[in-house]
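Colleague: Structure of the sequence below:
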Amino acid sequence: MIMISEVGPRDGVQSLDFLVDLDIKKRWIAAEAAAGVHEIEVGSFVNFKRLPQMQDTAALVEFALTIPGLDVAVLVPNLRGAQAAVEAGAHKLSIPVSASETHSVRNVNRTHDQMVEEVRSIRAFVDAQPADARTSIEVGIATAFGCTIEGHVPEKTIVDLAERLMAAGASEVGLSDTTGYADPAMIRNRIKAVQAAVGADNITGVHLHNTRGLGLTNALAALECGLTTLDASLGGLGGCPFAPGASGNIVTEDLVFMLDAMGIETGIDLAALIEVRKKLASDMPGSPIYGFVADAGVPLDFSQLVKPDPATGTYA
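Modeller: As a prediction, the model looks like this:
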């Protein structure tokens, strides 16, 4: 089964220029979980003066923890954020470490060396907690395929960072196409390079944007490399406020449709997910909502169509 991690309540909401009501976020999270989404990044513990959209993250974690079977993830840029996340009870910490040092300074006000030390401090803090409070620590290497500030980011930079971050205590690393620069060949090359450096078990996911229309093809390339977790955002909401031109994430509904069509199990009810999208669009009028399958609909008798065996790619 492929895990689709919904990042809209964090990555999507942070890109908006207005505040989303807490009750709307709660309904969104609950409805996606009911549709079969098993992991949701509900917010981030950041400086709320920089990102006021995230000021209710603790309340969202508290609410999300009441939903049976839901893995509750949050983004934390530093030790202080990690401490708040652990106190709130989050299951998973996602730490952004940008491969572009210029972007790193703008995004989290830290250099590579400082972020490696931050990860080391977070690992020490988590290890000091009671066993049932020790969260997973995923480090997402942002701008891993290019940066709108620096341009080209060398593959060696990505590999070196992955090695240093794993040594500092990351449970795993992921690669993030923060600015939508990736293409399928680059996805394959960089994933394989990181797998060779830190082990395939230590890189399981990617975070992709659809800035230039290659989001789904890039997701497929990642799956072909053996990755099992794909970030996506309902309606394609999202973008980094500190990376110029970083537009929306891959659309959760379109990704589920593609995988369903290929016979790849996600555990998500596509029809229910589309209903969640409709409700979200109604709750947040004027927000940018993207995607195709919700507007076009699924093919006639889609659920009865013959689909390929995901193991062999052949049709029965």
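Colleague: dump the residue contacts of Val159.
Modeller: Neighbouring residues of Val159 by Cβ atoms under 8 Å, 6 or more residues apart in numbering: Ala193, Val194, Ala197. Where you see a C-beta, it was placed from the backbone N, CA and C, and this is true even at glycine.
Colleague: what comes up buried for the helix or strand encompassing the first one?
Modeller: Taking DSSP states H and E as the definition, one finds Ala193 inside helix 184-198. Using 16 or more other Cβ atoms under 10 Å as the burial criterion, the residues of helix 184-198 that qualify are Met186, Ile187, Arg190, Ile191, Val194, Gln195, Ala197, Val198.
Colleague: Turn the contacts of Val159 into JSON lines, columns for pLDDT and distance to Glu101.
Modeller: Output for the contacts of Val159, formatted as JSON lines (pLDDT from 0 to 100; distance: Cβ to Cβ, whole Å):
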{"residue": "Ala193", "pLDDT": "98", "distance to Glu101": "19"}
{"residue": "Val194", "pLDDT": "98", "distance to Glu101": "18"}
{"residue": "Ala197", "pLDDT": "98", "distance to Glu101": "19"}
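Colleague: Name the nearest of these relative to Asp71.
Modeller: Relative to Asp71, the closest of the contacts of Val159 is Val194; by Cβ to Cβ it sits at 23.1 Å.
Colleague: wait, doesn't the closest one sit right on Ile203?
Modeller: Yes: using Cβ atoms under 8 Å, Val194 is in contact with Ile203, at 5.1 Å.
Colleague: hey, what's in contact with both of these two?
Modeller: Residues touching both Val194 and Ile203 (Cβ under 8 Å, 6+ apart): Ala162, Val173, Leu175.
Colleague: quick one: the last one from Met115, how far?
Modeller: As judged by Cβ to Cβ, to the nearest Å, Leu175 and Met115 stand 16 Å apart.
Colleague: Could you do the first one as well?
Modeller: Remark: distance between Ala162 and Met115 (Cβ to Cβ) = 13 Å.
Colleague: So between the two, which is more surrounded?
Modeller: Shown here are Ala162 and Met115; by other Cβ atoms under 10 Å, Ala162 has more neighbours (28 against 25).
Colleague: What score does the more buried one have for pLDDT?
Modeller: As predicted, Ala162 sits at a pLDDT of 98.
Colleague: what about it, which helix or strand?
Modeller: Per DSSP H and E, Ala162 falls inside helix 155-168.
Colleague: That helix to helix 184-198, inter-axis angle?
Modeller: Helix 155-168 runs at 40 degrees relative to helix 184-198, counting by axes from the mean of the first three to the mean of the last three Cα atoms, to 10 degrees.
Colleague: buried set for helix 155-168?
Modeller: For helix 155-168, the buried set under the neighbour-count rule, 16+ other Cβ under 10 Å, comprises Glu155, Thr157, Ile158, Val159, Leu161, Ala162, Arg164, Leu165, Met166, Ala168.
Colleague: wait, isn't the first one in contact with Asn189?
Modeller: Going back to what we said before, that points to Glu155. Yes: the criterion here is Cβ under 8 Å, and Glu155 meets it with Asn189 at 6.9 Å.
Colleague: returning to that earlier point: how about CSV for the buried residues of helix 155-168, with distance to Gly8 added?
Modeller: Output for the buried residues of helix 155-168, formatted as CSV (distance: Cβ to Cβ, whole Å):
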residue, distance to Gly8
Glu155, 30
Thr157, 29
Ile158, 26
Val159, 30
Leu161, 27
Ala162, 26
Arg164, 30
Leu165, 26
Met166, 28
Ala168, 29
